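# Quick one: sequence and predicted model below, then my questions.
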Amino acid sequence: MLFHSAIALLLAPVGAPVEFAQLRIEQRVIIRVPLVRQPRAGQPTPPPEPQEWDEKKGPRCVAIKSVRSAALGGRNSVDLILSNNQRFRARFGKQCRAADFYAGFYIEPTDDGSLCAGRDYIQARSGLTCEVESFKRLVPER
């Protein structure tokens, strides 16, 4: 940029004001994850889902591109519903309430394309940001 500024000074007419400008281009991608809604009257109803889930040991990370929707899971967690219909419960610290995510949330993609516990955050549409403390794999209760 300094080289181009020097050329601008040499090419400018004598006594003419020289204007300098700086342009910065940044790109930010945010993925919006909607919550599963109950169907309205007249719409086809999906098959009933189990009301209770058993939590099993979960992965450290979940591929962001596989997250399709979410559901409120518990007091301080959100259930991620993946494209293959698997469910993972993202647990937050006690300071984060699942109710704050009622309108869905945002995930910022990472370089590795994963949402990882102990590293990444989920942002509610209201602006609240919560760190994912752990993931639990959910299986229907028998």
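Cool, the structure landed.

# Where does the prediction get shaky in this structure?
Along the chain, the model assigns pLDDT under 70 to residues 1-16, 18, 27, 37-51.

# could you pull out the helices for it?
Here the chain has its helices, by DSSP state H, at 2-11.

# Quick test: name the residue nearest the centre of it.
Centroid-nearest residue in the chain: residue 107, 1.1 Å away (criterion: Cα atoms, centre = their mean).

# residues in contact with it?
30-31, 33, 64, 67, 115, 120, 122-123 (Cβ atoms under 8 Å, 6 or more residues apart in numbering). C-beta: built from backbone N, CA, C; applies to glycine.

# If you rank the residues you listed by neighbours, which is first?
Counting neighbours by other Cβ atoms under 10 Å, residue 115 leads these with 26 neighbours.

# number of nearby residues for residue 135?
22.

# from what I can see it touches residue 89, true?
Yes - Residue 135 is within contact range of residue 89, at 6.8 Å (criterion: Cβ atoms under 8 Å).

# Please enumerate the shared neighbours of those two.
Here residue 135 and residue 89 have residue 58 as joint contacts, going by Cβ under 8 Å, 6+ apart.

# mind listing the strands for this structure?
When secondary structure is read from DSSP state E, the chain shows strands at 31-33, 53-57, 61-63, 67-74, 77-82, 87-91, 105-107, 114-116, 121-124, 129-131, 134-140.

# Make TSV from those and add distance to residue 24 to it.
Shown next, in TSV, are those (distance: least, Cβ to Cβ, whole Å):
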stretch	distance to residue 24
strand 31-33	24
strand 53-57	44
strand 61-63	31
strand 67-74	31
strand 77-82	34
strand 87-91	34
strand 105-107	23
strand 114-116	28
strand 121-124	23
strand 129-131	24
strand 134-140	36
